[in-house]
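Asks: Mind looking at a prediction? Sequence and model below.
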Amino acid sequence: MTSPDQTGPEPAGTDPAGAGTDVHEPELWLIRHGETEWSRNRRHTGRSDLPLTPEGERAARALAPRLDGVSFDLVLASPLTRARHTAELAGLSPQLEPLAQEWDYGEYEGITTAQIQVDRPGWSVWNDPIPGGESLEQVAERADAVIARIRSQAPKRAALVAHAHFLRILTVRWIEQEPRLAARFNLEVSTISMLGWDRGVPVIDRWNG
């Protein structure tokens, strides 16, 4: 769905697992990690490996009863501590997926949008360059690759524990939309969202729960 004046990755549903492989239509449970000090302060937290706050750990443990008894064919987590620890506290035993790490914010790591806008009025992570970091399209390409892995390895249900911006971008790629649409999806810490299918069409079943 690339517009004539914008390039970007092809929709993830086109052939997500590559030619010659089985492609499934699983449920995908998305779990955003618990609170960190930087997420609480709305600072861009990309590759900095921050721990959960005590509140973040409590909320991650509270996810366990919601996941208890649910069978997953595949459980993945970003290797960053905040995601991996959330998965463990929620009772999951994930495989680590480096492609599910958060957006690399380059020179804007650790600072807020308001601080960036002092020197760059109107700046938005969704529309403007990130010096030394990833572009939106690069993050979307990683999201497509994670979707491909899930659709090739999980016949019925998978879980992914990762980060806000990455999960938002993955969600809009799941429904075969341009990555910039992710700006319209807010995602809170320690929440569970669900992606799925309706008659072969990829859909969002639940969000930010």
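Replies: Ah, there it is. Residues are numbered from 1 along each chain as shown.

Asks: got the contact list for the closest residue to Trp207 other than its chain neighbours?
Replies: In space, Trp207 comes closest to Ser193 once its chain neighbours are excluded; the distance is 4.8 Å by C-beta to C-beta, 6 or more residues apart in numbering. Backbone N, C-alpha and C define where each C-beta goes, glycine included. Neighbour list for Ser193: Trp29, Leu30, Leu167, Thr171, Leu187, Ile204, Arg206, Trp207, Asn208, Gly209 [criterion: C-beta atoms under 8 Å, 6 or more residues apart in numbering].

Asks: Using just helix, strand and coil, how would you label Ser193?
Replies: Classification of Ser193 using DSSP: H, G, I helix; E, B strand; the rest coil returns strand.

Asks: for the chain, which spans come out with low pLDDT?
Replies: Applying pLDDT under 70 to the chain picks out residues 1-21.

Asks: Strands of that one, start to end?
Replies: Chain-ordered strands for the chain, with DSSP state E as the definition, fall at 27-32, 74-77, 95-96, 157-162, 192-198, 201-206.

Asks: Between the ones you listed, which one is closest to Ala59.
Replies: Distances from Ala59 to each of these were compared by C-beta to C-beta, and the smallest falls on strand 27-32, at 10.2 Å.

Asks: Parallel or antiparallel, which strands does the closest one pair with?
Replies: strand 157-162 (parallel), strand 192-198 (antiparallel) (DSSP bridges).

Asks: Hey, what's the angle from the longest one to strand 201-206? Just curious.
Replies: This means strand 192-198. With axes from the mean of the first three to the mean of the last three C-alpha atoms, to 10 degrees defining the directions, strand 192-198 sits at 150 degrees from strand 201-206.

Asks: Distance of the residue nearest the centre of the chain relative to Leu50?
Replies: Relative to the mean C-alpha position of the chain, the nearest C-alpha, by C-alpha atoms, centre = their mean, is the one of Leu167, at 1.8 Å. Taken as C-beta to C-beta, to the nearest Å, the spacing of Leu167 relative to Leu50 amounts to 17 Å.

Asks: What are the boundaries of the helices in this protein?
Replies: Listed in chain order, the helices of the chain (DSSP state H) span residues 37-40, 54-62, 64-67, 81-89, 113-119, 136-153, 164-174.

Asks: Mean neighbour count, those helices: which tops it?
Replies: helix 164-174 (a mean of 25; mean count of other C-beta atoms under 10 Å).

Asks: which residues are contacting that one?
Replies: For helix 164-174, the external contacting residues (C-beta under 8 Å, 6+ apart) are 9, 11-13, 28, 30, 32, 39, 78, 100-103, 125, 136, 139-140, 142-144, 146-147, 160, 162, 178-179, 181-183, 185, 187, 189, 193, 195, 202, 204.

Asks: re earlier: now tabulate the helices of the chain in CSV and tack on distance to Leu74.
Replies: What follows is the helices of the chain, written out as CSV (distance: least, C-beta to C-beta, whole Å):
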stretch, distance to Leu74
helix 37-40, 26
helix 54-62, 20
helix 64-67, 14
helix 81-89, 13
helix 113-119, 34
helix 136-153, 5
helix 164-174, 14
